[in-house]
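Enquirer: Predicted coordinates and the sequence they were generated for:
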Amino acid sequence: MSEPVPTRDHALAQAGTEEAGGESTGTVVVAGLANLGIAVAKLVGGLISHSSAMLSEAAHSLADTITEVLLFVALKRGDKAPDARHPIGYGRETYFWALLACLATFTLGAGFSFYQGVETILEGEEQGSPTVAYVVLAVSFVLEGASWLKAVRQVRGAARRWGTTPRRYLAETTDTTVKAVTFEDSAALVGLVLAALGLFLEQVTGDPVWDGIAALLIGVLLLVVAGALARANVSLLIGQSIPTRLQDQLRQEIAGLPQVDDVPVLLTTVIGPGQLAVMAKVDFADTATVADIERASDEAERRLVARHEGVRFVFLDPTPGDGRARAGVHRPE
């Protein structure tokens with residue numbers, strides 16, 4: 001079996017991950033600072049205009065600020081070097097903190113929005129001056145838009161490097177920090193439009209129900225985003241594999257080696273943002289010597305690491321025939 005140490009000496013693979021990690025950190029910091037300022041502005045605007053949708057948006061931005069702090073912690077904790085107790089590193093810890101960030105959005109943002117919406121619909125609200133609220137919404141839209149554009153530029157750049165579309169990249173990327181910022185900034189822009197629409201309809205009709213409905217819709221929006229991100233993080237936290245088309249490429253790389261007849265079993269698992277472990281049962285030629293198998297295993301590791309950015313570990317298990325042989329496992333009574 002080939003069981004290499006973490007591939008820190010492979011400059012090609014490490015450089016790509018470090019570049020993405022630094023860019024993700026910058027995206028998170030920009031989004032966090034923008035959300036903090038926006039939260040304060042929305043709170044002031046909501047108190048002056050007595051708008052429940054504006055107050056919901058303030059809670060939304062506060063939740064996003066907490067989310068960015070947790071995502072920053074996720075990036076730093078997940079970047080720790082492997083040690084004796086955690087030999088494959090701390091990459092998956094990123095997804096734990098990112099999951100906490102989803103819970104913050106779910107409880108604080110969505111929960112407060114639902115509360116404000118229901119209270120306004122049932123009890124009404126005193127109408128205040130909407131002018132300040134409109135100004136805050138406009139400024140917030142510009143700031144959120146700037147943060148969103150930075151996230152989108154990162155997504156598009158990464159998609160070009162991987163030769164895929166931005167939409168597919170967001171669906172398949174293991175960097176949940178940039179996914180979270182992109183989704184949350186998109187939700188923030190939609191939420192601002194909903195808040196402005198609710199405020200406008202309340203001003204025109206004199207009925208606060210419209211403002212309450214806008215707050216409820218903002219809550220639903222946050223719920224959908226938090227749920228989507230939570231599912232992605234849970235999947236990665238418990239050990240998600242990579243897409244089938246990429247697994248096929250890895251299998252072909254190994255199968256193309258001299259002395260290799262077949263690769264009947266290949267497993268992959270994500271061990272952190274941009275980090276992957278590859279495990280395979282390999283049917284070597286019957287004429288292969290021990291030295292041939294060792295050379296082929298070493299060459300397999302070199303190829304996968306050099307040609308596929310993010311591969312950190314390669315485990316090969318020489319196995320005869322179809323590779324279905326399994327060791328007996330004793331399970332506790």
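Expert: Sure thing, it's come through.

Enquirer: any low-confidence regions in the protein?
Expert: Low-confidence segments of the chain, defined by pLDDT under 70: 1-24, 26-27, 125-128, 321-333.

Enquirer: can you map out the strands along it?
Expert: 260-272, 275-284, 311-318 (DSSP state E).

Enquirer: Contacts for the first one, please.
Expert: Under the criterion C-beta atoms under 8 Å, 6 or more residues apart in numbering, residues 78, 88-92, 94, 174, 236, 239-242, 246-247, 250-251, 254-255, 276-285, 296, 312-313, 319, 321-324 lie in contact with strand 260-272. Just so you know, the C-beta spots here come from the backbone N, C-alpha and C atoms, and that holds for glycine as well.

Enquirer: May I see the ChimeraX selection of the buried members of the residues you listed?
Expert: To isolate the buried members of these in ChimeraX, using 16 or more other C-beta atoms under 10 Å:
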select :78,89,90,91,92,94,174,236,240,242,246,247,250,251,254,255,276,277,278,279,280,281,282,283,284,296,312,313,319,323
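
Enquirer: sorry, back to before: the strands of the chain into JSON lines, with extra columns for distance to Leu143?
Expert: Shown next, in JSON lines, are the strands of the chain (distance: least, C-beta to C-beta, whole Å):
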{"stretch": "strand 260-272", "distance to Leu143": "31"}
{"stretch": "strand 275-284", "distance to Leu143": "33"}
{"stretch": "strand 311-318", "distance to Leu143": "37"}
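
Enquirer: And these: which comes nearest Ala63?
Expert: Of all these, it is strand 260-272 that lies closest to Ala63, at 25.4 Å by C-beta to C-beta.

Enquirer: Export the closest one to CSV, keeping only CA atoms.
Expert: Extracted in CSV, the C-alpha atoms of strand 260-272 (Å, rounded to 0.1, in the frame of the first residue of the first chain):
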residue,chain,number,x,y,z
VAL,A,260,-1.5,-2.0,-13.9
ASP,A,261,-4.3,-4.2,-15.4
ASP,A,262,-7.3,-2.6,-13.8
VAL,A,263,-8.5,-0.3,-11.0
PRO,A,264,-11.7,-2.1,-9.8
VAL,A,265,-12.3,0.2,-6.8
LEU,A,266,-11.5,3.9,-6.4
LEU,A,267,-12.7,6.0,-3.5
THR,A,268,-12.2,9.7,-2.9
THR,A,269,-13.0,11.9,0.1
VAL,A,270,-12.7,15.6,0.7
ILE,A,271,-10.5,16.3,3.8
GLY,A,272,-10.7,20.1,3.6
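
Enquirer: Could you list the paired strands of it along with their orientation?
Expert: According to DSSP bridges, strand 260-272 forms sheet pairs with strand 275-284 (antiparallel).

Enquirer: where's the partner strand relative to the chain centroid, distance-wise?
Expert: 25 Å (C-alpha atoms, centre = their mean, to the nearest Å).

Enquirer: That strand relative to strand 311-318, how many degrees between them?
Expert: 20 degrees (axes from the mean of the first three to the mean of the last three C-alpha atoms, to 10 degrees).

Enquirer: buried set for stretch 289-302?
Expert: 292-293, 296-297, 299-301.

Enquirer: Next, check the residues you listed against the helices and list the overlap.
Expert: 292-293, 296-297, 299-301 (DSSP state H).

Enquirer: from these, which is closest to Ile218?
Expert: So of these, ranked by how close each gets to Ile218 (C-beta to C-beta), first place is Glu301, at 49.9 Å.

Enquirer: Ignoring the adjacent residues along the chain, who's closest to the closest one?
Expert: Spatial nearest neighbour of Glu301, excluding adjacent residues (C-beta to C-beta, 6 or more residues apart in numbering): Val314 at 4.2 Å.

Enquirer: Settle this for me: that neighbour is touching Val305, isn't it.
Expert: Yes: Val314 is in contact with Val305 according to C-beta atoms under 8 Å; the separation is 7.3 Å.

Enquirer: ok, the residue of the chain positioned farthest from its centre to Thr319 distance?
Expert: Most distant from the centre of the chain: Thr287, at 46.3 Å, with distances by C-alpha atoms, centre = their mean. Between Thr287 and Thr319 the distance is 16 Å, computed by C-beta to C-beta, to the nearest Å.

Enquirer: Kind regards, and thank you for your time.
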